[in-house]
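# Next one to model:
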Amino acid sequence: MAELVTIVLASSNEGKLAELRSLLAELPVQLVTLKDLLGEHPTLPEDGNTFEANAVQKARAAYQLTGLPALADDSGLEVTGLQGRPGVRSARFSHERATDAENNAALLRELEAVDDEGRVARFRCVLALVVPGVEQPLTVEGCVSGSIARDSRGGGGFGYDPLFVVDGFEGRAMAELGDAEKNQVSHRGQAARAMKPLIAQLLSNQLDEAERIAG
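Model (predicted):
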C-alpha cells in the first residue's frame with residue numbers, strides 16, 4: 001500500500017473539508033487542517049479581489065506555517081441582479097463573522113424585489129495547491145450555473161446551498177441533492193476533478209525522487 005502523503009487544507013470550514021476528502025479519496029493523500037497540526041486555526045490572509053488571489057494567499061500561508069503541500073479553496077456565489085455579489089465576500093456577506101443562516105437571510109432580503117432574470121447565479125470555486133520546490137502555485141477552477149430561490153430548500157450542504165437551484169436538476173436546490181449528486185455537479189467537485197491529476201503528478205514526482213535517492 002502506498003504511503004499517504006499529507007496535504008494541509010487551508011480552511012476551517014468543516015463542510016469544505018468533508019467534501020474535499022470525499023472528492024480526493026481515490027488518491028493516497030491525507031487531508032488535514034491547520035488545527036490538526038497546530039492546535040488552532042490561525043487567521044489566514046484573504047483580502048484579494050478574486051477567488052484565485054484569495055486561494056493562492058491562503059495556500060501560501062498554510063505552506064509557510066507547516067512546510068507541507070498546501071491546498072486552499074476560495075469559492076462563492078455570484079448573482080446577476082447584484083452585479084456579481086456577494087462574490088469573494090460570500091462567507092462575510094452579512095457581516096465579518098456571519099453564519100450561513102445570516103448570509104442566506106441577507107441574500108433573500110437583497111433579492112426580495114428582484115425578478116427571475118436578476119436571480120440567475122453561479123457558484124465558482126478556485127483551488128490552489130502550493131508544493132515544496134515548485135515556485136508557482138497550481139490553480140484550477142470549477143463553476144456551476146443556477147438561480148436563487150425565494151425560500152430555503154433541503155437540509156443538506158452548507159453555505160448558500162439551500163437557496164441555489166441547480167440548472168438541469170428539475171428545480172432542486174443544491175441542499176436537496178445527495179452527496180454523490182452534489183459532488184458530480186458542484187463547482188468544488190469540478191475543481192477537485194481538475195486538481196486530481198496535478199496532485200497525482202506531485203505524488204509521482206515524490207516517488208521518483210525517493211527512488212533516485214535510494215539509488
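
# Tell me where the protein has helices.
14-23, 34-38, 51-66, 100-110, 179-185, 187-214 (DSSP state H).

# quick one: low-confidence ranges for this protein?
1-2, 206-215 (pLDDT under 70).

# The helices of the chain: which one's closest to G171?
Among these, the nearest to G171 by Cβ to Cβ is helix 179-185 (14.0 Å). Bear in mind the C-beta positions are built from the backbone N, C-alpha and C, glycine included.

# Contacts made by that closest one with the rest, please.
If you take Cβ atoms under 8 Å, 6 or more residues apart in numbering as the criterion, helix 179-185 is touched by 19, 22-23, 144, 156-157, 161, 166, 168-169, 174, 177, 189, 192.

# do that again at 10 Å, thanks
18-20, 22-23, 123, 142, 144, 146, 156-157, 161, 166-169, 172, 174-178, 188-190, 192-193 (Cβ atoms under 10 Å, 6 or more residues apart in numbering).

# what about the nearest residue to G67 once chain neighbours are set aside, how many residues close to it?
The shortest distance from G67 to any non-neighbouring residue, by Cβ to Cβ, 6 or more residues apart in numbering, is to P132 (7.0 Å). Number of residues near P132 (other Cβ atoms under 10 Å) recorded here: 11.

# Got the phi and psi for P132?
Here is the backbone geometry of P132 (degrees, to the nearest 10): phi -50, psi 130.

# related to what we said a few turns ago, so which of the helices of the chain gets nearest V8?
helix 51-66 (5.1 Å).

# other SSEs contacting that closest one?
Helix 51-66 sits against strand 5-9, helix 34-38, strand 70-79, strand 120-130, strand 138-148, helix 187-214, with contacts defined as 3 or more Cβ pairs under 10 Å, 6 or more residues apart in numbering; DSSP states H and E.

# Rebuild the ones you listed as TSV, extending it with mean neighbour count and distance to N104.
Below are the helices and strands packed on helix 51-66 laid out as TSV (neighbours: other Cβ atoms under 10 Å; distance: least, Cβ to Cβ, whole Å):
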stretch	mean neighbour count	distance to N104
strand 5-9	20	24
helix 34-38	15	26
strand 70-79	26	10
strand 120-130	23	13
strand 138-148	20	10
helix 187-214	15	17
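
# I'd like those written out as TSV, with distance to R60 added.
Below are these laid out as TSV (distance: least, Cβ to Cβ, whole Å):
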stretch	distance to R60
strand 5-9	12
helix 34-38	13
strand 70-79	7
strand 120-130	5
strand 138-148	12
helix 187-214	16
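
# Select, out of these, the one closest to D47.
Among the helices and strands packed on helix 51-66, the nearest to D47 by Cβ to Cβ is strand 70-79 (11.5 Å).

# From the chain's centroid, how far away is the closest one?
Mean-position distance between strand 70-79 and its chain equals 5 Å (Cα atoms, centre = their mean, to the nearest Å).
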